[in-house]
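**Q** predicted model and sequence below, questions to follow.
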Amino acid sequence: MTAIFAYANDDIAFIAADSRRTEGSRSFMVEKVHRWSETVLLAQTGAGRPMTRLIQKMMFNRDHDYPKNSTGEGLKSLYSSLRPLLYNEELRTSRSRSALNGTFVVVVASDGIAPAEIFTLDYATGAYTPIGGSGTRYADGTNQTVFQAVADRQFAALSSSASKLPLDVWASNCIQDAVASEPQHVDWPADLAISRFFPGSGRRFILRRIASPITSGIVDFLY
């Protein structure tokens with residue numbers, strides 16, 4: 001499974017995930033964080049290969065009508081149209097329905113028109129679930145309840161000790177706690193991604209892979 005930690009605030013979209021994928025007795029490193037567009041990031045937890053295949057198909061179709069499909073609404077629309085066919089194809093060859101359980105966590109930064117938000121998309125049912133708007137932090141993965149408590153606790157601890165919160169350190173602390181809690185399902189390295197607007201230089205996307213816990217963040221991830 002996975003540990004995912006996400007945050008949305010006005011023009012900032014941030015998401016982080018570990019890189020372990022387990023299939024049967026095998027465990028290997030993958031990328032679970034994806035850039036959908038300048039303002040939309042997402043990560044996946046659950047049925048790894050089928051969900052990655054769906055993301056690849058969605059991105060191929062996204063590019064046929066870009067930038068219309070670059071928004072959170074565009075992502076949801078493509079998901080709704082492509083997921084049923086691909087899911088049913090996987091279901092015909094899968095040993096069990098439970099093996100196809102999974103979730104996409106989507107973080108959207110405000111583009112000046114649509115507000116910032118976090119939502120999830122269920123791979124097995126197609127269900128869309130709004131999580132929250134600007135200022136929302138959210139965790140998902142192998143143990144959602146425990147990971148959400150970790151996210152809230154680490155966020156509060158860093159907020160009380162610094163004038164600006166380093167989101168990369170926050171995610172690192174969260175992943176570290178998740179590894180300790182679920183060592184069979186979560187492991188380093190972790191991928192941290194942020195999309196944000198910098199006055200004078202425009203919007204930037206930064207992807208950072210960390211191989212172990214960090215204690216000092218970089219300026220691009222300061223909030």
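**A** Right, received. Where do you want to start? Numbering: from 1, shown residues only.

**Q** could you dump the longest helix seen in the chain to CSV, C-alpha only?
**A** In the chain, assigned by DSSP state H, the helix with the most residues is helix 72-93. C-alpha atoms of helix 72-93 as CSV (Å, rounded to 0.1, in the frame of the first residue of the first chain):
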residue,chain,number,x,y,z
GLY,A,72,-9.5,19.4,-11.6
GLU,A,73,-12.8,19.2,-13.4
GLY,A,74,-11.1,18.0,-16.5
LEU,A,75,-9.4,15.3,-14.6
LYS,A,76,-12.6,14.2,-13.0
SER,A,77,-14.3,14.1,-16.4
LEU,A,78,-11.7,11.9,-18.0
TYR,A,79,-11.6,9.7,-14.9
SER,A,80,-15.4,9.1,-15.1
SER,A,81,-15.2,8.3,-18.8
LEU,A,82,-12.2,6.0,-18.8
ARG,A,83,-12.2,4.2,-15.5
PRO,A,84,-15.2,1.9,-16.0
LEU,A,85,-13.8,0.2,-19.1
LEU,A,86,-10.2,-0.2,-17.7
TYR,A,87,-11.5,-1.4,-14.4
ASN,A,88,-13.7,-4.0,-15.9
GLU,A,89,-10.9,-5.2,-18.1
GLU,A,90,-8.7,-5.7,-14.9
LEU,A,91,-11.6,-7.3,-13.1
ARG,A,92,-11.9,-10.1,-15.7
THR,A,93,-8.3,-11.2,-15.0
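
**Q** the helix or strand just after that helix packs against which elements?
**A** Toward the C-terminal end, the helix or strand that comes next after helix 72-93 (DSSP states H and E) is strand 102-108. Here strand 102-108 touches strand 3-9, strand 12-18, strand 40-46, helix 48-62, helix 72-93, strand 117-122, strand 136-141, going by 3 or more Cβ pairs under 8 Å, 6 or more residues apart in numbering; DSSP states H and E. All C-beta atoms are positioned from the backbone trio N, CA, C, and that covers glycine.

**Q** sheet-wise, list the partners of the first one with their directions.
**A** The partner list of strand 3-9 in its sheet, established with DSSP bridges, is strand 12-18 (antiparallel), strand 136-141 (antiparallel).

**Q** mind putting the ones you listed into JSON lines with distance to Trp188 and mean neighbour count?
**A** Putting the strands paired with strand 3-9 into JSON lines (distance: least, Cβ to Cβ, whole Å; neighbours: other Cβ atoms under 10 Å) gives the following:
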{"stretch": "strand 12-18", "distance to Trp188": "7", "mean neighbour count": "28"}
{"stretch": "strand 136-141", "distance to Trp188": "15", "mean neighbour count": "22"}
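
**Q** mind putting these in JSON lines, mean pLDDT and distance to Gly24 included?
**A** As requested, the strands paired with strand 3-9 are exported to JSON lines (pLDDT from 0 to 100; distance: least, Cβ to Cβ, whole Å):
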{"stretch": "strand 12-18", "mean pLDDT": "98", "distance to Gly24": "19"}
{"stretch": "strand 136-141", "mean pLDDT": "98", "distance to Gly24": "19"}
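
**Q** so which of those comes closest to Lys76?
**A** Smallest distance to Lys76 across these (Cβ to Cβ): 15.4 Å, for strand 12-18.
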